[in-house]
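S.K.: predicted model, plus sequence, below.
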Amino acid sequence: MGKGITERPFGATAEGKAIRLFTLTNGAGTSVDISDLGGVIVALRTKDREGRFDDVTLGYDRVEDYLRKGPYFGALIGRHANRIEGAAFELNGKEYRLAKNDGNNHLHGGLVGFDKVVWDAEIVRAATGEGEALRLAYVSADGEEGYPGELRVAVVYTLTDDDALVIDYEATTDRDTVVNLTNHAYFNLAGHASGGDIGGHELMIAADKFTPVNAECVPTGDIRDVAGTPMDFRSLRAIGPGLASGDEQIANGGGYDHNWVLNVSGKAPEKAAEVYEPTTGRVMEVFTTKPGVQFYSGNFLDGSDVGKGGAVYGKRAGLCLETQYFPNAMKHKHFPSPILRAGETYKHTTSYKFSAR
């Protein structure tokens with residue numbers, strides 16, 4: 001397959017709306033499949049140290065599986081990623097009540113979040129001026145899922161020739177609202193169908209602090225040092241020992257399901273994390289303008305999901321690194337604010353860069 005973007009049918013919604021799958025291929029042969037349903041990264045094929053390609057993201061072969069309630073494989077998340085305590089927030093003196101779709105809390109935008117809608121897709125010239133990019137747009141109506149304001153969102157996926165998948169997010173609103181967009185891709189650098197968990201992956205997160213969670217996995221408002229805890233990923237180390245540590249925070253999250261306070265300025269994409277898989281040599285570096293990243297170790301995967309090619313995704317078959325504002329920030333005013341004012345523009349960039357060593 002040559003460099004550029006191709007498209008093909010990928011099924012339809014229950015209402016009959018056609019869904020498409022776009023394949024972005026760079027000059028090195030790396031490729032990524034992205035659907036206009038939920039902006040889902042369906043597959044991402046990259047080389048190991050021997051030059052062999054494999055798909056390193058968890059996902060489904062059938063669009064019907066993405067339409068049902070699931071673990072958000074590869075999806076764009078909005079309006080607000082992660083958890084909002086009590087499924088409500090106050091803005092400009094008014095309380096807005098949201099769906100309780102995670103116990104007593106609101107998770108990943110509600111019952112029908114951005115992961116479950118069909119976006120308007122077009123192939124555009126890449127911002128770098130080299131090659132093509134995929135632009136997805138969606139208008140979220142005032143009151144959708146309980147959020148105020150009409151929100152106009154655009155997300156651009158670009159696959160560069162140096163094997164970086166760059167995601168540029170932009171949004172505007174006609175009323176003050178809250179916005180926290182991310183992508184929920186699950187990565188297993190040994191290959192999505194390798195059958196192993198991510199305990200042997202090595203991880204670095206460029207953060208000195210994290211936000212502890214309670215037993216409902218909601219940040220308490222504290223900001224705690226990572227030093228001396230299983231949350232200390234300031235240098236590359238295996239994920240497995242922390243999962244087995246018995247630490248209270250690991251118990252509260254059912255594993256890792258926490259936000260790290262990144263050592264980034266937010267002015268331009270800076271390195272936030274790195275993942276290394278020793279058996280294949282694959283490396284993934286994460287760069288972002290966001291102040292936080294949620295490291296989720298696939299704790300709720302349980303083998304009931306049959307993925308691409310019949311692959312069975314057991315517990316911790318993949319990991320997520322979701323760049324974001326801190327979860328529950330509307331309850332804790334000392335956290336970076338997800339409020340978007342009318343007339344302002346929300347922007348952020350995150351990239352996932354792949355290599356091998």
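M.R.: Structure received.

S.K.: quick one: contacts for Gly70?
M.R.: Asp305 (CB atoms under 8 Å, 6 or more residues apart in numbering). For glycine as for every other residue, the C-beta is placed from the backbone atoms N, C-alpha and C.

S.K.: where do the helices sit along the stretch 101-250 of the chain?
M.R.: Secondary structure of the stretch 101-250 of the chain (DSSP state H, counting those that start in this stretch): helices at 240-243, 248-253.

S.K.: what's the last one in contact with?
M.R.: The set of residues that contact helix 248-253 without belonging to it, under CB under 8 Å, 6+ apart, is 212-215, 217, 229-231, 242-243, 256, 258, 299.

S.K.: what's the average pLDDT for that helix?
M.R.: Averaged over helix 248-253, pLDDT sits at 97.

S.K.: do the same with the shortest one
M.R.: Helix 240-243 carries an average pLDDT of 98.

S.K.: got the buried residues for that helix?
M.R.: Neighbour-count burial for helix 240-243, with 16 or more other CB atoms under 10 Å as criterion, is recorded at 240, 242-243.

S.K.: now swap in stretch 15-31 and tell me
M.R.: For stretch 15-31, using 16+ other CB under 10 Å, the buried residues are 19-26, 30-31.

S.K.: same deal with stretch 226-245?
M.R.: Of all the residues in stretch 226-245, those buried under the rule 16+ other CB under 10 Å are 226, 229-233, 239-240, 242-243.

S.K.: in those residues, find the pair that's most separated.
M.R.: Of all pairs drawn from these, the greatest distance, 17.5 Å, lies between Val226 and Gly240 (CB to CB).

S.K.: Val179 and Ala88: what is the separation?
M.R.: In this view, Val179 and Ala88 are 17 Å apart by CB to CB, to the nearest Å.

S.K.: likewise Gly255?
M.R.: Distance from Gly255 to Ala88, counting by CB to CB: 27 Å.

S.K.: contacts for the helix or strand of the chain with the lowest mean pLDDT, please.
M.R.: Lowest on mean pLDDT, DSSP states H and E among the helices and strands of the chain sits helix 63-67, with a mean of 95. Outside helix 63-67, the residues within contact range by CB under 8 Å, 6+ apart are 10-14, 19, 35, 37-38, 40, 60, 73, 75, 115-116.

S.K.: between Gly255 and Ala88, who's got more neighbours?
M.R.: Between Gly255 and Ala88, counted using other CB atoms under 10 Å, Gly255 has the larger neighbour count: 21 against 16.

S.K.: just give the number of residues close to the residue nearest to that one when sequence neighbours are not counted.
M.R.: Take Gly255 and drop its neighbours on the chain: the residue closest to it by CB to CB, 6 or more residues apart in numbering is Asn299, 3.8 Å away. Counted with other CB under 10 Å, the neighbours of Asn299 add up to 16.

S.K.: again with the one 4 residues further on
M.R.: By other CB under 10 Å, the residues close to Gly303 number 10.

S.K.: same thing with the one 3 residues further on?
M.R.: Other residues within reach of Val306, judged by other CB under 10 Å, total 14.

S.K.: tell me the spacing between it and His184.
M.R.: On the measure of CB to CB, Val306 and His184 end up 19 Å apart.

S.K.: could you list the low-confidence segments of the protein?
M.R.: Within the chain, the segments meeting pLDDT under 70 span 1.

S.K.: how about a cut-off of 50?
M.R.: Counting by pLDDT under 50, the chain contains no low-confidence segment.

S.K.: what residue of it is the furthest out?
M.R.: Ranked by distance from the centre of the chain (CA atoms, centre = their mean), the top residue is Gly93, with 30.8 Å.

S.K.: for the biggest strand by length in the chain, which outside residues touch it?
M.R.: As assigned by DSSP state E, the longest strand anywhere in the chain is strand 345-356. Contact with strand 345-356 is made by 30, 44, 46-49, 56, 162-172, 179, 181-183, 185, 269, 280-290, 323, 340, as judged by CB under 8 Å, 6+ apart.

S.K.: buried ones among those residues?
M.R.: 30, 44, 46-48, 56, 163-172, 179, 181-183, 185, 269, 280, 282-290, 323, 340.

S.K.: show me where the stretch 101-250 of the chain has strands.
M.R.: Counting by DSSP state E, counting those that start in this stretch, one finds strands in the stretch 101-250 of the chain at the ranges 106-107, 120-125, 132-140, 151-159, 164-173, 177-178, 182-183, 202-205, 207-211, 224-225, 237-238.
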